[in-house]
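**Q** give me a model of this one.
(chains A and B)
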Amino acid sequence: MNGFFAPARQTALHRANPALKLPLFIVLFILTMLTHTIDGSFYLACVFVLLLFMASGYPLWKTALLISGFALAFASASLTMVLFGRGSEIWWSWGPIVISQESFYRGLHLGFRSIAFGCQGLLFVLTTSSTGLFYALMQRFKLNPKYAYSFMASIRLLPMTLEELRIRRDALAIRGTGGSTRSRALLRLPERYALPLLAQSIRRAQRTAAAMEVKRFDADRRRTYYYSSPITSADWLVLLLLALAVTAAICLAQELPVFRLGDMRTGL
Amino acid sequence: MGTKAAKSAERRRGLTLTDVLVTVVLSLVLGVVYHVWAAVSDVAGLLFVQSNELVYGMWFAASTLAFLLIRKPGVALIAEIAAAHLEIAFGSAYGVQLLLYSVVQGLAAELIFAAFRYKNASATVAGLAGVAAAAASLLADIYYGYVAEYATWVIVLKYSLRAISSFVIAGYLMYGLAKLLERAGVAQSLRPVERKEYDALDR
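**A** Below you'll find the predicted structure:
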């Protein structure tokens, strides 16, 4: 998580309280999911791409690199619908593939929506640390500490699992059993990899949990916290920013429609 | 001694920090498998239309494996959320939506285990939980991806393949893995301790 993903500057989104940011982004997700016009999804995608460039705190080239990955998301979200969607005004058909006007625009709409979802998701994960999120959830939403500390501890245990995976692969290679690509070797994959990795991880988790219980990590809510998680002016700024972004998308879709099509679920 | 042990059994019946941490770590290991599985899914997708659904059941495996090992209410849901949390922690753009999907799918699996009062940890019940999670993902897909607007044969093909794959992978494959872990001697200490086992100590 360090290196590439270290932001160049802190924005209001970084300073905002994650426990308030999470519900805000869930509301954004639901709003985007309830957008059924292609103009709406197109402008939502545009606005959130713009917001990602402005407010994620990353240099332009890094943001551009991250966004380029959405081309694939766009294709995978729209392609099945374009090729196999229902529709009456048929443009082209070949065997089971039927491209109609309705399915084509519905596919584009899904593509724009997936870009909007992706940008919102990135905006959240790039500006939120896992630790910050769980401390905020414990303090603001009274999340039971045993869940919060388990999730935080597990992230620290993960590198050990990855290291074990590497060792396991090397060990099998040295014994001359790892690289075989015969189908019977494929069937023994769970026994060769999943079993030892899971067994080690479970035992380590039990040991760690025993130590954490002794240190009262699962004690109830009357406790102190290493990080405080206050509500500041940054939270209001983020609320305002996101509300403005959504309003801008809705207004643009009303005033400057590009496609001028109706609800995407039922014909056009 | 008897009352003290019984009280201790009472306290340990709910989810303890150990249960939660083991569940979360288990899901993270499967989360690592998921990253490999995404490549398997891409290759499987080349066979025929929607053929990547053949391996889809793996995405529900965390919840059934967690239940087969720990056998307490709530672990299936936590396992699903933990697998989604891995994506958020490592900066996946689709983390927030995976989180919402995981809640829906985890609750569906949980419902099946609850229907058997958390007593039945057979491969078939795990398979049913996988199918329930697949059904929940269909509901989410209808809102998220408009799958109801696909041609009818695509919908039937896609979701029957998904249901079958969930039954086999989340059910039977995970049951086999749980049995292997049992033989390796790590599963026994995870189970909730029954009252009669404490009573046996007093005798």
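**Q** hey, let's count contacts and neighbours off CA atoms from now on
**A** Will do.
**Q** near chain A, which residues of chain B? Just list them.
**A** B:16-18, B:20-22, B:24-26, B:28-29, B:82, B:86, B:88-97, B:143-147, B:149-151, B:154, B:177, B:180-181, B:184, B:186 (Cα under 8 Å from any Cα of the partner chain).
**Q** so of those residues, which ones are in helices?
**A** Per DSSP state H, helices hold the following members of the residues of chain B next to chain A: B:17-18, B:20-22, B:24-26, B:28-29, B:82, B:86, B:88-89, B:95-97, B:143-145, B:154, B:177, B:180-181.
**Q** quick one: pLDDT of the most centrally placed residue in chain A?
**A** Centroid-nearest residue in chain A, with Cα atoms, centre = their mean: residue A:121, separated by 4.7 Å. Looking at residue A:121, its pLDDT reads 91.
**Q** generate a PyMOL selection restricted to the buried subset of the residues of chain B next to chain A.
**A** Buried residues among the residues of chain B next to chain A (16 or more other Cα atoms under 10 Å in any protein chain shown), as a PyMOL selection:
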select buried, chain B and resi 17+18+20+21+22+24+25+26+28+29+82+86+88+89+90+91+92+93+94+95+96+97+144+145+146+147+149+150+151+154+177+180+181+186
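**Q** where does chain B have low pLDDT?
**A** B:1-13 (pLDDT under 70).
**Q** make it 50
**A** Flagging of chain B using pLDDT under 50 yields the residue ranges B:1-2.
**Q** give me the element the most centrally placed residue in it is part of.
**A** In chain B, the C-alpha nearest the mean C-alpha coordinate belongs to residue B:63, at 1.4 Å (Cα atoms, centre = their mean). For residue B:63, the element it lies in under DSSP states H and E is helix B:61-70.
**Q** for that helix, packing partners?
**A** With contacts taken as 3 or more Cα pairs under 8 Å, 6 or more residues apart in numbering or on different chains; DSSP states H and E, helix B:61-70 sits against helix B:17-44, helix B:75-89, helix B:95-115, helix B:123-145, helix B:174-183.
**Q** distance to residue A:239 added to these, as a markdown table?
**A** Shown next, in a markdown table, are those (distance: least, Cα to Cα, whole Å):
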| stretch | distance to residue A:239 |
| --- | --- |
| helix B:17-44 | 32 |
| helix B:75-89 | 21 |
| helix B:95-115 | 18 |
| helix B:123-145 | 24 |
| helix B:174-183 | 44 |
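**Q** would you mind finding the most buried of these?
**A** Highest mean neighbour count of these: helix B:75-89, a mean of 26 (counted as mean count of other Cα atoms under 10 Å in any protein chain shown).
**Q** from the contact counts, what lies against it?
**A** By 3+ Cα pairs under 8 Å, 6+ apart, helix B:75-89 packs against helix B:17-44, helix B:61-70, helix B:95-115.
**Q** what sits up against the second one?
**A** The contact list for helix B:61-70 (Cα atoms under 8 Å, 6 or more residues apart in numbering or on different chains) reads B:19, B:23, B:26-27, B:30, B:75-80, B:83, B:106, B:109, B:121-122, B:126, B:129-130, B:169-171, B:174-175, B:177-178, B:187, B:190-192.
**Q** ok, now which ones touch the residue nearest to the residue nearest to the centre of chain A when sequence neighbours are not counted?
**A** Nearest in space to residue A:121, with sequence neighbours left out and distances taken as Cα to Cα, 6 or more residues apart in numbering or on different chains, is residue B:93 at 4.6 Å. Going by Cα under 8 Å, 6+ apart, residue B:93 touches A:117, A:118, A:119, A:120, A:121, A:122, A:125.
**Q** test my guess that the second one contacts residue B:97.
**A** No. Using Cα atoms under 8 Å, residue A:118 is not in contact with residue B:97, being 9.1 Å away.
**Q** how near is residue B:136 to residue B:111?
**A** Here the criterion is Cα to Cα, to the nearest Å. By it, residue B:136 lies 11 Å from residue B:111.
**Q** just the mean pLDDT for stretch A:193-203, thanks.
**A** Here the average pLDDT along stretch A:193-203 is 91.
**Q** for whichever strand or helix holds residue A:242, name the packing helices and strands.
**A** Assigned by DSSP H and E, residue A:242 belongs to helix A:233-255. Applying 3+ Cα pairs under 8 Å, 6+ apart, we find helix A:233-255 packed against helix A:12-15, helix A:18-33, helix A:38-55.
**Q** what is the second one packed up against?
**A** Using 3+ Cα pairs under 8 Å, 6+ apart as the contact test, the elements touching helix A:18-33 are helix A:101-127, helix A:130-140, helix A:233-255, helix B:95-115.
**Q** adding distance to residue A:25, write those helices out as JSON lines.
**A** Shown next, in JSON lines, are the helices and strands packed on helix A:18-33 (distance: least, Cα to Cα, whole Å):
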{"stretch": "helix A:101-127", "distance to residue A:25": "7"}
{"stretch": "helix A:130-140", "distance to residue A:25": "13"}
{"stretch": "helix A:233-255", "distance to residue A:25": "9"}
{"stretch": "helix B:95-115", "distance to residue A:25": "8"}
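**Q** okay, now residue A:192: neighbour count?
**A** By the criterion of other Cα atoms under 10 Å in any protein chain shown, residue A:192 has 17 neighbours.
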